[in-house]
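Colleague: Fold the stuff below for me.
(chains A and B)
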Amino acid sequence: MARKRKKPGRQKDGAVLDMTSMIDVVFLLLIFFMCATKFKMPEGALRSFLPRDRGDSQSRPIVEENCRIWLRIEGGQVIAIADDRMIDPNNELVGDFEIHNGVPGPNMDLIEIHISDRKETYFGTSGGLPVVIDFSGDVPWKYVSDVLNICTKLEIDNIAFAAPEILLD
Amino acid sequence: MARKKARKKTKSGVEMDMTPMIDIVFLLIIFFMVVTELTLDQALVILPIASEAKIEEPQPGSRIVVINVSIDVDGETEIIQIANGDPLTPEGLERELRAETQAFGRWEPNPSDPTKNDSALEVTIRCDQGARSENIHKIFAACQKARIYKVRCAALNDRVEDPYSSN
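Modeller: Here you go, the predicted structure:
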């Protein structure tokens, strides 16, 4: 279509159109949009369906055997406890998030080993091992997401998020 | 400098046809303008990275509500909003979700109590990896009150570059 145009810069009366300034502006616009554009990255998701069979209550104590992962902040550092076992923190900053914040987090490999061991030795009646992720509100979401990712990796379906306790009168 | 380059006639008298180049440049501008407009629709959220995060195509007839949890420019305030809407309180979020479930109008019987129905609406939480996890408690509570159980937490897969690595 563009080829059908004849002598784009010259009109019938012989006058020449100076396209230089237009090209300058067009290139400026092109460079601006190239710099300003940030492409959307493909996003996945971790399934964390909420329980449907527990009525209207927001939280209820879990009495069956389960694996409980605690995440807390102490002294500016995220502390993880898997059941009654303290998880060692990383000796150095792992990953760009920790480098950015300057605070090391718990060793996620140890948490994965712990949950995997518990899963292998679980002989409960209610399907797979229930894992409860119990995190305080000030823990960065990244660490909760990491534990959720480990559970998904180990094909654990029965995952619960511990809700804040509701005090009774 | 640009004027020197734009001269169509060289010393040898050969004319340069700049039409195809201008066509391509205009096409590129239109492309980048459209793409930029699309990306502005999303709140700025740095998602956590999860190797098991799966990209799931939405089922026909389903509806997904996206809840963004982002950190404000001051680095302290955390904002909960549906898509790119106004910041919401937990009560406001619950109200909005109830309205969404009513508007969607698809319900599934509850397995433990067939007299009650759960909404078939799906929720995807896009929470910034540095945001406090208490926001998730609030969102879960709002979803449960609105009888939404299909909740997913968005994450980037390992194959995607970490956003912090460019800093």
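
Colleague: Could you list the domains of chain B?
Modeller: B:2-39, B:64-153 (automatic domain parsing).

Colleague: of all these, which gets the most neighbours per residue?
Modeller: Sort the domains of chain B by mean neighbour count, taking mean count of other CB atoms under 10 Å in any protein chain shown, and domain B:64-153 sits at the top with a mean of 17. Every C-beta, even on glycine, is put in place using the N, C-alpha and C of the backbone.

Colleague: And chain A, is it touching that?
Modeller: Yes. Counting by CB under 8 Å from any CB of the partner chain, chain A has neighbours in domain B:64-153: B:69, B:110-113, B:118, B:124, B:126-137, B:140-141, B:143-145, B:148-153.

Colleague: Please flag which of those residues sit within strands.
Modeller: Secondary-structure check on these using DSSP state E: residues within strands are B:69, B:118, B:124, B:126-127, B:148-153.

Colleague: Distance to residue A:24 and pLDDT for the residues you listed - can I get that in a markdown table?
Modeller: Formatted as a markdown table, those follow (distance: CB to CB, whole Å; pLDDT from 0 to 100):
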| residue | distance to residue A:24 | pLDDT |
| --- | --- | --- |
| B:69 | 43 | 93 |
| B:118 | 60 | 90 |
| B:124 | 44 | 93 |
| B:126 | 40 | 92 |
| B:127 | 44 | 93 |
| B:148 | 54 | 92 |
| B:149 | 57 | 91 |
| B:150 | 53 | 91 |
| B:151 | 52 | 93 |
| B:152 | 48 | 92 |
| B:153 | 48 | 93 |
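
Colleague: Nearest to residue B:80 among the residues you listed?
Modeller: residue B:69 (5.5 Å; CB to CB).

Colleague: is chain B contacted by the helix or strand harbouring residue A:96?
Modeller: In this structure, residue A:96 sits in helix A:95-101 according to DSSP states H and E. Yes. Using CB under 8 Å from any CB, a contact is recorded between helix A:95-101 and chain B, made by A:95-97, A:99-101.

Colleague: Now which of those residues would you call buried?
Modeller: Buried members of the residues of helix A:95-101 next to chain B, counted by 16 or more other CB atoms under 10 Å in any protein chain shown: A:95-97, A:99-100.

Colleague: Mind putting those into TSV with pLDDT?
Modeller: TSV is the format used below for these (pLDDT from 0 to 100):
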residue	pLDDT
A:95	78
A:96	78
A:97	81
A:99	82
A:100	79
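
Colleague: The least confident helix or strand in chain A by mean pLDDT: what's the following helix or strand?
Modeller: Confidence across the helices and strands of chain A bottoms out at helix A:95-101, with a mean of 79, counting by mean pLDDT, DSSP states H and E. Of the helices and strands lying after helix A:95-101 in sequence (DSSP H and E), the nearest is helix A:108-120.
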